[in-house]
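Asker: From the sequence below, what's the structure:
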Amino acid sequence: MKDRVTAPRIAVVGSLNMDLVLQVEHAPQGGETVLAQSLRLVPGGKGGNQAVACARQGARVSLFGRVGDDDNGRALRAALDADGIDHSGVLNDHAEPTGVAAITVESTGQNRIVVVPGANGRFTLDAGLLGAALHGAGGLVLQFECPLAEVLAAAHQARAAGCPVRLNPSPIQPLPDALWPLVDTLVVNEGEAAALAGQPVATPEEAAAAAQALRARGPAQVVVTLGAAGAVAADAAGCRHHPGLRVRAVDTTAAGDTFLGALAVALARGDTLDEAVGDGMRAAALCVTQPGAQPSIPTRETVLQSLPAPAWTALP
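Answerer: Numbers count the residues shown, from 1 in each chain. Here you go, the predicted model:
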């Protein structure tokens, strides 16, 4: 029987934004004005979303980021408190406001996002606090909505502490050569996989080829998410396709962050990569059935009770 950790500790380094969510029938074309059906302010940011996803899957989470000394920053901290997330590593910026994301959500659930980084762009890592959080932790979760130099420094620190690094390189940009060998699990969508691997990713077979090309650069595990078509998992044992789960999408915001959070917690508990991908897919599928970023992220209990784990098939 596997040795399972019931409440693993996870550290997250990343962004915190206040999301301005506009519900529209369709996004405006160039020069077009459309009427929104509603406007909501919702806690978000990829780092904040990933931290909440990890916490709701049962992990004890420490978040490192930066917010402005303003009402939005205080509201984001209050939301983190509600999920029991340690945000002592989230610093206040007295010069820049809290980051903001303007999100249009169409009736199909498709979204378009424009981010104003604000304080996120001035994030600096507190190595002492991060070191304490990494000691004995089951994973460090990273993305690219804060300065790349700080992401690289956090990954180096995690490797020195023996803590696995789970990276989603979004918004996409080239990874520094020094970062590739520090990443244990790379999670990318089809667009990110295509950009990093330099080859098309439109089918599970193409995703598998891209995943193996990315594994050759250092990560032991690569997962390529394919939206409604599911996901492809790749490791030393080969590639497997996990088919998509059929749900009615209302809002795809935070689906990728929810997937990564659920996957990271499952891996920290000692699950296999395929078990972790199954958890991530179920959590993300439930996420898109609800509006908003953090309000749509499901708990572990909801995931286990609502959807069966998808069966996977091996790919050549």
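Asker: ok, which stretches of the stretch 151-300 of the chain are strands?
Answerer: In the stretch 151-300 of the chain, the strands defined using DSSP state E, counting those that start in this stretch lie at 165-168, 185-189, 221-225, 231-235, 238-242.
Asker: Give me the below-cutoff pLDDT ranges for the stretch 201-316 of the chain.
Answerer: For the stretch 201-316 of the chain, no stretch has pLDDT under 70.
Asker: residue boundaries of the helices in it?
Answerer: When secondary structure is read from DSSP state H, counting those that start in this stretch, the stretch 201-316 of the chain shows helices at 204-215, 255-269, 273-287, 300-306.
Asker: Please convert the ones you listed to CSV, extending it with mean neighbour count and distance to Gln29.
Answerer: The way it works is simple: take the backbone N, C-alpha and C, and place the C-beta from them, glycine included. Below are these laid out as CSV (neighbours: other C-beta atoms under 10 Å; distance: least, C-beta to C-beta, whole Å):
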stretch, mean neighbour count, distance to Gln29
helix 204-215, 21, 30
helix 255-269, 29, 25
helix 273-287, 25, 28
helix 300-306, 15, 37
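Asker: could I get the strands of the stretch 151-300 of the chain as JSON lines with mean neighbour count and distance to Gly131?
Answerer: Below are the strands of the stretch 151-300 of the chain laid out as JSON lines (neighbours: other C-beta under 10 Å; distance: least, C-beta to C-beta, whole Å):
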{"stretch": "strand 165-168", "mean neighbour count": "26", "distance to Gly131": "15"}
{"stretch": "strand 185-189", "mean neighbour count": "26", "distance to Gly131": "21"}
{"stretch": "strand 221-225", "mean neighbour count": "27", "distance to Gly131": "25"}
{"stretch": "strand 231-235", "mean neighbour count": "27", "distance to Gly131": "29"}
{"stretch": "strand 238-242", "mean neighbour count": "20", "distance to Gly131": "35"}
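Asker: export those to a markdown table and tack on distance to Leu125?
Answerer: Below are those laid out as a markdown table (distance: least, C-beta to C-beta, whole Å):
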| stretch | distance to Leu125 |
| --- | --- |
| strand 165-168 | 14 |
| strand 185-189 | 21 |
| strand 221-225 | 25 |
| strand 231-235 | 29 |
| strand 238-242 | 34 |
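Asker: Grab the nearest non-local neighbour of the residue nearest the centre of the chain.
Answerer: The chain has Asp257 as the residue nearest its centroid, 2.7 Å off, counting by C-alpha atoms, centre = their mean. Using C-beta to C-beta, 6 or more residues apart in numbering and skipping the chain neighbours, the partner closest in space to Asp257 is Asn49 (3.6 Å).
Asker: Can you give me the buried ones in the stretch of helix or strand the one you found belongs to?
Answerer: Asn49 belongs to helix 46-56 when assigned by DSSP states H and E. By neighbour count on 16 or more other C-beta atoms under 10 Å, the buried set for helix 46-56 is 46-56.
Asker: What strands flank the helix or strand following it, and is each parallel or antiparallel?
Answerer: Per DSSP H and E, the first helix or strand lying C-terminal to helix 46-56 is strand 60-68. Strands adjacent to strand 60-68 in the sheet, as given by DSSP bridges, are strand 9-13 (parallel), strand 86-93 (parallel).
Asker: Report the angle between the last one and helix 46-56.
Answerer: Between the direction of strand 86-93 and that of helix 46-56, the angle (axes from the mean of the first three to the mean of the last three C-alpha atoms, to 10 degrees) works out to 170 degrees.
Asker: Equivalent analysis for the shortest one, please.
Answerer: Taking the same axes, to 10 degrees, one finds that strand 9-13 is oriented at 170 degrees with respect to helix 46-56.
Asker: Parallel or antiparallel, list what pairs with the helix or strand just after strand 9-13.
Answerer: Using DSSP H and E, the next helix or strand after strand 9-13 towards the C-terminus is strand 17-23. Here strand 17-23 is paired, per DSSP bridges, with strand 38-44 (antiparallel), strand 99-105 (parallel).
Asker: rewinding a little: neighbouring contacts of the helix holding Asn49?
Answerer: 10, 12-17, 43, 61, 63-65, 76, 79-80, 83-85, 141, 143, 145-146, 168, 170, 254, 257-258, 260-262, 264-265, 283, 293-294, 297-300 (C-beta atoms under 8 Å, 6 or more residues apart in numbering).
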